[in-house]
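Trainee: Got a sequence here, can you build the structure:
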Amino acid sequence: MTHQILVFNSGSSSFKFSLFEQNNPEPILNGLAEQLGQTQASITIKYKQSKFKHNIANADHKTAILFLLDQFKKLEINLDHIHAIGHRVVHGGEYFSDSVIIDDQVIHALENCSALAPLHNPANIEGIKIMQSIFQDTKQIAVFDTAFHQSLPSKAYLYALPYQWYKQQGVRRYGFHGTSHKYVAQRAKEILNLNDNHQIITVHLGNGCSASAIKDSKSIDTTMGMTPLEGLVMGTRCGDIDASILQFMQQKMGWSLDEITNKLNKASGLLGLSELSNDMRTLVEAKEKGHEQAGIAIDVFCFKLAKQIMALATSLTSIDALIFTGGIGENSSFIRSQVIQNLTLLGFKIDETLNKNPDKQTGRISSDQSTLCMVINTNEEWMIAQDCTRLTSTTL
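Mentor: Numbering: from 1, shown residues only. A predicted model of the protein is given here:
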């Protein structure tokens, strides 16, 4: 029997999905359900070079999932062939350093982590429980954004705060985008035929951005912290700031802590600086047309990223490769060039021809005289599917 794996990512008002054959990184189909819980929800399905969009009135998560599975049947996809369902879970706290098969104990641990990711974990758990109710005899696997970074040493994950905050409340750096960083690190090892002593820096740039120092296939430092707000400048998130700014703005503007935190997450970053957009493509086009604040936003984004890459290098003794991934990292030659120009101290030098068309075999964009710099397309959904296969292989 053909074994298939369904990868599921449940958000508060949406979910993403991809269906894979066991040994094929190209999905059979994928798509997105959005505006769940509103008057008019929708599901978009991409299948065999075609795209189908369906509107569903007043659909919650379960209604939309049942509708999706009905569409599977209409596309002649046999639900009995789904061997495992992999769930993206944002926060695993200190409970999980690897993906796990979900049972009641795992659900309890996820609920205990919800205070660390109140916008994400409850929605992830809801998706898991709905799928468990529908696929009662199918293995369900949780794959965590934080798990890959559980290898950080204490000097990298601890804040200089009262130690009891960590011991009693779990206040520490956890890191995110772990599935993406793990995937591109594995691909780099394969492409470059690296041994077990390799040292690389991976840079995931999308609307959310983070970078990691990886040694011997393990994350030893990363830019995101207790939440995804820490670290690099992002689409709408501020990244690193002086914590006293919160008190200053509360006193000046009378805003509540919730209002300020919302602005740091949703009205800052590229959007806040440019007052135009959180989309890098829009900002690059605007900069070329003379939009001053778009240019400022890009300059801050690139400078802070280069600064953080330099900081991550302190965890390493050498650098085998610097790897760009994510929507911006994979597609914006301009941003890659701007960042690498700030990293000459680490021996990086861009090859502008390769930067516009990365080497087809390796993804290299650096010159022959440079420390290696590459572009590798991430595939987080396939990484989740691979973990599902690994954890359920004894039952195949």
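
Trainee: For the chain, which segments count as strands?
Mentor: With DSSP state E as the criterion, the chain has strands at 4-10, 15-21, 29-34, 40-47, 50-57, 82-89, 100-101, 139-144, 199-205, 209-215, 218-222, 321-325, 373-375.

Trainee: do you know which of these lies nearest G239?
Mentor: Closest of the strands of the chain to G239 is strand 209-215, at 7.8 Å (criterion: CB to CB). The C-beta positions use only the backbone N, C-alpha and C, and glycine is treated the same way.

Trainee: of all the strands of the chain, which lies closest to A123?
Mentor: Judged by CB to CB, the one of the strands of the chain that comes nearest to A123 is strand 4-10, at 5.3 Å.

Trainee: quick one: buried residues of the longest helix seen in the chain?
Mentor: In the chain, taking DSSP state H as the definition, the longest helix is helix 292-312. Neighbour-count burial for helix 292-312, counted by 16 or more other CB atoms under 10 Å, picks out 294-295, 297-298, 300-302, 304-306, 308-309, 312.

Trainee: any weak-confidence spans in the stretch 251-396 of the chain?
Mentor: Scanning the stretch 251-396 of the chain for pLDDT under 70 picks out 394-396.

Trainee: Over to the stretch 51-200 of the chain?
Mentor: For the stretch 51-200 of the chain (pLDDT under 70), the answer is none.

Trainee: That one: helices as residue ranges?
Mentor: In the stretch 51-200 of the chain, the helices defined using DSSP state H, counting those that start in this stretch lie at 61-74, 104-112, 121-134, 154-157, 163-169, 178-192.

Trainee: For the fifth one, could you pull out the residues that count as buried?
Mentor: Residues of helix 163-169 classed as buried: Y166 (neighbour count, 16+ other CB under 10 Å).

Trainee: now the third one
Mentor: Buried positions in helix 121-134, judged by neighbour count with 16+ other CB under 10 Å: N121, A123, N124, I125, E126, G127, I128, K129, I130, M131.

Trainee: cool, and the fourth one?
Mentor: For helix 154-157, the neighbour count (16+ other CB under 10 Å) marks A156, Y157 as buried.

Trainee: surely V339 meets A306?
Mentor: Yes: using CB atoms under 8 Å, V339 is in contact with A306, at 5.2 Å.

Trainee: So what pairs up with the closest residue to G31 other than its chain neighbours in the strands?
Mentor: Leaving aside its chain neighbours, G31 sits nearest to I45 (4.2 Å; criterion: CB to CB, 6 or more residues apart in numbering). Beta bridges link I45 to G31, F52, judged by DSSP bridges.
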